[in-house]
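A.B. asks: The following comprises the amino acid sequence and a computationally predicted model.
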Amino acid sequence: MRSTTIMLMLWLAASSSYAQQSGNKKYRSKHQPIPAIPYALALDSIKMGDSKAFPEQQLNIPIAKGPFEPNWASIEKNYPGEPEWLREAKFGIWVHFGPQASGESGDWYARRMYVPGSTAYKNHLEKYGHPSESGYKDILKDWNPEKLDPAKLARIYKDAGARFLMIQGVHHDNYDLWNSQYQPWNSVNVGPKRDIIGEWSKAARASGIRFGVTFHHEYTWWWWQAAFGSDTQGLKKGVPYDGNLTLADGKGKWWDGLDPRLLYGIDLRQYKGVAAAAKSAWTPPAAGIFSRHLSYDKWYATNWALRMMDVVQNYDPDFIYTDGTVQGPFTGDGTGTGYKANAMQTVIADFYNRTLAKRGKVNTFSVVKFRNNTNGTVTTEEFGIPANIKTDQPWIAEVPVGDWFYAPGFTYDSGMMIKYIIEAIARDGNAAICVSLLPNGSLDEGSQKMLSEVGVWMRRNGEAVYGSRAWVIPGEGKETNGKIKMLPGGKLERKQAEFKFDEQDFRFTVGKNKSLYVFSMMVPDAGSVLNVKSLGIDAKHLGRPIKNVSMLGYDGNLKWEQTNSGLKITCPGMTSLSTSVVFKVD
């Protein structure tokens, strides 16, 4: 306890030191000052350190008191299991919104605006000018989503049937959307002068919707490296982009007192592969440690963790989320390239200890994207959905309509959203769908109409969705290579909207009431006879005779018959229904 107190005092002293160094009280921050950075070496001149041989570093950050300690063994031992509310919720809205929407160029605008030849670079030139003169920091200054109304949006999302909101706290751009104590580049200091996460937390609670905050800044330090480059041809050839600016360069300018390194990080292109990866469409650098910058590595991982802990302490979210492709942040490989430390375990332990103290029980969870089964974490499936039922760990399928940040050319189709939800819940998952907000923070008319239609379907068929579990098989239909036909993976756009199911395609769930629900993946013509083969006597999946079949949203009696080859249902007239009809089987 004494060592924890001493460490906290040292941090406070360091924070005060930084505030004095900045010379600008407006931007005071609690973060530790950036350590001394070694002199720069030539591009691609040194190898990354061996991440496999590098031992996991213990950050020793003070955390809230409680049974959870900052290691996986303690987390797994003490975590009580998946919260019942997540099982009940099943469907949420992914609020993937921030200043990158300004570019109207889709996902990763902040990085791609520094990559000549990309759509984002071209759009940025036309709208804002050259990134050596008007860079991303200037986008932040002018960003003002004046029509962003979390209270109104929360009502729209709830009406659509959403039971939880997944709200972006900080994307790879390193800009915090709350009154951040450890990152002065935040939405209260720069841009709209609004505590956006604070607004969302109030709106979610007022609407009775659970909410979580997402964090994508783990791999900011290699993601941002394009900002340290320059054009290789044309009038601006060789003129450095604004990622190269220093704190001193800001004297007398609008960003006086704000260190650009706290936004863009530092130039790490001396490590082989980093510069090339920075210009790629997606690829992170090869696995390794930024071994020449170990003091900075530790500072970065510590600051990363403290920012998440800041949100947990001040906004009490129902879950937190970290992006990535490997087993967790700061693993030394994949999206965790650069350092190896117990940063994730530290944040999770602090989160659960605080939850226990505030709520008397741990009914929160931590999304560690694509992590293998670990008690205390929830994983995700981005874009696609598993072909088979997945019950080894709780998971959330996540996908955007169009793109993760706004770009023109939406395909508005509630049917593809509904089918995505059905595909997920039939395999025991949950679904979180992003409907990108316009740069001003509003939903366009097409998106509002689409969400309204989803809400109509959810109100009619909710008993087959909320609190449901997978059945013995996810569904039936035409098979290819032993797998049933599914909604195509990828972003929800024209391909998914135009994808056709037919009368032999079904999905199944088991409701809280133990009834079996059969989702027809289309609306059959009146008088047509559906044959659900998996419910035939010979299939032996049910183990008991069927006593009754009804259709949700239809008050009349259905004509049905269970035969050896299937459950045959004669469809009534359903002119007012769309996308999918659902049958209840008892």
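C.D. replies: Perfect, thanks for sending it. Given the structure is predicted, the values throughout are model-derived calculations rather than measurements.
A.B. asks: and the spatially most central residue of the chain, helix, strand or coil?
C.D. replies: Closest residue to the average C-alpha location of the chain: residue 214 at 5.8 Å, with CA atoms, centre = their mean. Assigned with DSSP: H, G, I helix; E, B strand; the rest coil, residue 214 falls in the strand class.
A.B. asks: Now for it: which residues touch it?
C.D. replies: 96, 166, 167, 168, 169, 320, 321, 322, 323, 367 (CB atoms under 8 Å, 6 or more residues apart in numbering). For every residue, glycine as well, the C-beta is placed using N, CA and C.
A.B. asks: Of all these, the one with the weakest confidence?
C.D. replies: Lowest pLDDT of these: residue 323, 95.
A.B. asks: Residue 178 versus that one, what's the distance?
C.D. replies: Remark: distance between residue 323 and residue 178 (CB to CB, to the nearest Å) = 17 Å.
A.B. asks: what separates the helix or strand harbouring residue 454 from the chain centre, distance-wise?
C.D. replies: Residue 454 belongs to helix 445-461 when assigned by DSSP states H and E. Mean C-alpha position of helix 445-461 versus that of the full chain (CA atoms, centre = their mean, to the nearest Å) differs by 22 Å.
A.B. asks: Tell me the helix or strand right after it.
C.D. replies: strand 475-476.
A.B. asks: what bridges to the residue nearest to the centre of the chain?
C.D. replies: With DSSP bridges as the criterion, residue 214 is bridged to residue 168, residue 321.
A.B. asks: How about residue 396?
C.D. replies: residue 380, residue 430.
A.B. asks: Surely it touches residue 429?
C.D. replies: Yes. The pair residue 396 / residue 429 is scored as a contact, 6.6 Å apart, by CB atoms under 8 Å.
A.B. asks: Comparing these two, which residue is more hemmed in?
C.D. replies: residue 396 (28 against 24; other CB atoms under 10 Å).
A.B. asks: so what pLDDT did the more buried one get?
C.D. replies: In this model, residue 396 carries a pLDDT of 98.
A.B. asks: now residue 75
C.D. replies: 98.
A.B. asks: just to confirm, which helix or strand has it in it?
C.D. replies: helix 72-78.
A.B. asks: Can you give the contact residues for that helix?
C.D. replies: Against helix 72-78 from outside (CB under 8 Å, 6+ apart): 67, 68, 69, 345, 348, 349, 352, 362, 374, 375, 376.
A.B. asks: where do the contact lists of residue 396 and residue 429 overlap?
C.D. replies: In contact with both residue 396 and residue 429: residue 381, using CB under 8 Å, 6+ apart.
A.B. asks: which residues sit in contact with the nearest residue to residue 229 once chain neighbours are set aside?
C.D. replies: Leaving aside its chain neighbours, residue 229 sits nearest to residue 241 (6.0 Å; criterion: CB to CB, 6 or more residues apart in numbering). Residue 241 makes contacts with 114, 131, 132, 135, 226, 227, 228, 229, 230, as judged by CB under 8 Å, 6+ apart.
A.B. asks: Repeat the analysis, applying 6 Å as the threshold.
C.D. replies: Residues in contact with residue 241 (CB atoms under 6 Å, 6 or more residues apart in numbering) are 114, 131, 132, 227, 229, 230.
A.B. asks: Adding pLDDT and distance to residue 444, write those out as a markdown table.
C.D. replies: Listed next are the contacts of residue 241 as a markdown table, based on pLDDT from 0 to 100; distance: CB to CB, whole Å:
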| residue | pLDDT | distance to residue 444 |
| --- | --- | --- |
| 114 | 98 | 28 |
| 131 | 97 | 28 |
| 132 | 97 | 33 |
| 227 | 98 | 31 |
| 229 | 97 | 35 |
| 230 | 97 | 37 |
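A.B. asks: Reformat those residues as a markdown table; add neighbour count and secondary structure.
C.D. replies: Converted to a markdown table, the contacts of residue 241 look like this (neighbours: other CB atoms under 10 Å; DSSP: H, G, I helix; E, B strand; the rest coil):
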| residue | neighbour count | secondary structure |
| --- | --- | --- |
| 114 | 28 | coil |
| 131 | 28 | coil |
| 132 | 18 | coil |
| 227 | 27 | helix |
| 229 | 21 | coil |
| 230 | 16 | strand |
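A.B. asks: now the strands for the stretch 51-200 of the chain?
C.D. replies: In the stretch 51-200 of the chain, the strands defined using DSSP state E, counting those that start in this stretch lie at 91-95, 164-170.
A.B. asks: Strands of the stretch 201-350 of the chain, residue ranges please.
C.D. replies: Along the stretch 201-350 of the chain, counting by DSSP E, counting those that start in this stretch, strands occupy 210-215, 319-322.
A.B. asks: Which residues does the last one contact?
C.D. replies: Under the contact criterion CB under 6 Å, 6+ apart, strand 319-322 has outside partners 212, 213, 214, 215, 329, 364, 365, 366, 367, 368.
A.B. asks: From the chain's centroid, how far away is it?
C.D. replies: With CA atoms, centre = their mean, you get 8 Å for strand 319-322.
A.B. asks: Ok, stretch 365-375 next?
C.D. replies: 13 Å.
A.B. asks: Ok, which of the strands of the stretch 201-350 of the chain comes nearest residue 58?
C.D. replies: Among the strands of the stretch 201-350 of the chain, strand 319-322 comes nearest to residue 58, with 18.8 Å by CB to CB.
A.B. asks: Would you check which pair of the contacts of residue 214 lies furthest apart?
C.D. replies: 96 and 320 (15.4 Å).
A.B. asks: So between those two, which is more surrounded?
C.D. replies: residue 96 (25 against 22).
A.B. asks: For that one, which non-adjacent residue is spatially closest?
C.D. replies: Per CB to CB, 6+ apart, closest to residue 96 is residue 434, 4.5 Å.
A.B. asks: contacting residues around that neighbour?
C.D. replies: So residue 434 contacts 94, 96, 400 (CB under 6 Å, 6+ apart).
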